[in-house]
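Asker: requesting a structural model of the entry that follows:
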Amino acid sequence: MLAYQRDFDEKFPDVRPAKTSNIRQGQMVMLRLLKIFHAACQELGLTYWLCGGSLIGAIRHGGFIPWDDDVDVFMPREHYQEFKQQASEVLPYDVYLQTDTSWMRLVDRFGSKEIEEGNDFIFIDIFPAKRFPLGRKMLRKVRMVIPPYPLPGIPKDASFARQLKRRAIHYGAIFLRVTGLSYVIRFLCTLGPRRYWSYDLEVTWRFYYRDDWIFPLHLHTFEDTAFFVPCDPHKVLQHQFGDYMTPPPENQRINHGHKAFHVTQSNGHPESLEWLQFAEKKKQAAEKAGWLDSCTPSS
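Answerer: Alright, predicted model coming up:
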């Protein structure tokens with residue numbers, strides 16, 4: 001078995017400037033991040049799978065949805081924590097793990113993307129997933145009234161009947177928390193077989209995926225590489241998106257708010273690196289790996 005190598009320039013050539021369209025340049029950066037993440041998980045013996053729009057892309061397009069500007073993966077909470085602890089030992093010099101948000105991001109040190117609020121990193125999202133014991137409908141209702149999840153809101157523009165219903169839920173949740181009954185409910189939620197997967201975040205999420213839809217995982221082609229996906233992606237995607245195989249009309253093909261990728265221009269964060277200082281190294285590694293595209297900085 002070959003020794004694990006943290007310098008992936010030759011293994012996963014960084015050809016970001018060689019792509020002509022701006023969205024494609026950004027997608028190539030995220031694809032490389034995903035390849036590095038996959039290799040690190042393999043080295044550490046950790047489990048993940050593509051989810052959300054990335055899973056749609058894999059099944060419907062064999063890669064990125066053409067207008068998509070992010071990558072999403074799930075990790076079981078235990079493996080998520082292990083990756084968080086071990087990442088510094090297995091990640092290469094040009095990637096780092098951001099952990100100061102509700103979920104982790106694997107971040108490219110060279111590029112940035114322009115968004116409404118300014119500049120952000122180019123990254124992939126890593127979400128913690130957890131098994132839950134109750135059916136989806138019951139679990140959805142229960143999570144609205146127990147901590148640490150936020151209290152259900154009261155929509156101001158809803159009908160009187162809907163506002164009345166939401167107020168009853170809102171104040172009922174407060175009562176359960178004040179009296180301590182919410183902790184009894186929370187305990188009861190831990191009983192029984194854990195048959196459903198969902199986000200392990202402090203948010204209410206209305207989609208829960210059966211264990212036998214997810215496992216055993218299998219590899220599926222995404223662009224030029226195979227990554228892990230659920231064993232029954234059709235049921236997962238149909239449950240969450242409905243008719244996921246039919247692309248939306250052009251006027252509904254929205255992304256996550258990026259305006260432009262700047263793949264060789266850092267955003268000035270202390271964790272950033274300057275592409276020009278590494279461009280020759282990247283180019284030589286790509287040529288050694290047999291890539292003919294130029295890796296010199298784009299204008």
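Asker: where does the stretch 151-299 of the chain have low pLDDT?
Answerer: Residues of the stretch 151-299 of the chain that meet the criterion pLDDT under 70 lie in 151-153, 176-178, 180-194, 201-206, 256-257, 292-299.
Asker: mind listing the helices for it?
Answerer: 160-179, 181-188, 211-214, 233-241, 279-288 (DSSP state H, counting those that start in this stretch).
Asker: columns distance to residue 104 on top of those helices, output as a markdown table?
Answerer: C-beta here means a position set from N, CA and C on the backbone, and glycine is covered the same way. What follows is those, written out as a markdown table (distance: least, C-beta to C-beta, whole Å):
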| stretch | distance to residue 104 |
| --- | --- |
| helix 160-179 | 29 |
| helix 181-188 | 25 |
| helix 211-214 | 20 |
| helix 233-241 | 22 |
| helix 279-288 | 25 |
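Asker: please report how far the closest residue to residue 154 other than its chain neighbours lies from residue 237.
Answerer: Nearest residue to residue 154, sequence neighbours excluded (C-beta to C-beta, 6 or more residues apart in numbering): residue 166, at 4.8 Å. Look at residue 166 and residue 237: by C-beta to C-beta, to the nearest Å, they are 30 Å apart.
Asker: which one's more surrounded, these two?
Answerer: Per other C-beta atoms under 10 Å, whichever of residue 166 and residue 237 has more neighbours is residue 237, with 22 against 15.
Asker: got a list of what the more buried one touches?
Answerer: By C-beta atoms under 8 Å, 6 or more residues apart in numbering, the contact set of residue 237 is 55, 56, 59, 244.
Asker: so the third one, which of the three states?
Answerer: Here residue 59 takes the helix state, with states given by DSSP: H, G, I helix; E, B strand; the rest coil.
Asker: go ahead and confirm it touches residue 220.
Answerer: Yes. Using C-beta atoms under 8 Å, residue 59 is in contact with residue 220, at 7.3 Å.
Asker: list residues touching both of the two?
Answerer: Taking C-beta under 8 Å, 6+ apart as the contact rule, residue 59 and residue 220 both touch 229, 233.
Asker: packing partners for the longest strand seen in the chain?
Answerer: Secondary structure of the chain per DSSP state E: the longest strand is strand 123-132. Using 3 or more C-beta pairs under 8 Å, 6 or more residues apart in numbering; DSSP states H and E as the contact test, the elements touching strand 123-132 are helix 22-44, strand 72-76, helix 77-90, strand 104-108, strand 196-199.
Asker: quick check: buried residues in the second one?
Answerer: Of the residues in strand 72-76, those buried under the neighbour-count criterion (16 or more other C-beta atoms under 10 Å) are 72, 73, 74, 75, 76.
Asker: just stretch 227-237 next, same as before
Answerer: Buried residues in stretch 227-237, defined by neighbour count with 16+ other C-beta under 10 Å: 227, 228, 229, 230, 232, 233, 236, 237.
Asker: returning to that earlier point: can you pick the most crowded of the contacts of residue 237?
Answerer: residue 55 (25 neighbours).
Asker: so that residue is in which element?
Answerer: Taking DSSP states H and E as the definition, residue 55 sits inside helix 52-56.
Asker: burial count for residue 95?
Answerer: So residue 95, with other C-beta under 10 Å, has 21 neighbours.
Asker: so it touches residue 34, yeah?
Answerer: No. With contacts counted by C-beta under 8 Å, residue 95 stays clear of residue 34, the gap being 11.0 Å.
Asker: and the contacts of the longest strand of the chain?
Answerer: Contacts for strand 123-132 (C-beta under 8 Å, 6+ apart): 30, 33-34, 37, 48, 51, 70-77, 80, 83, 98, 103-108, 139, 189, 194-201, 208, 211.
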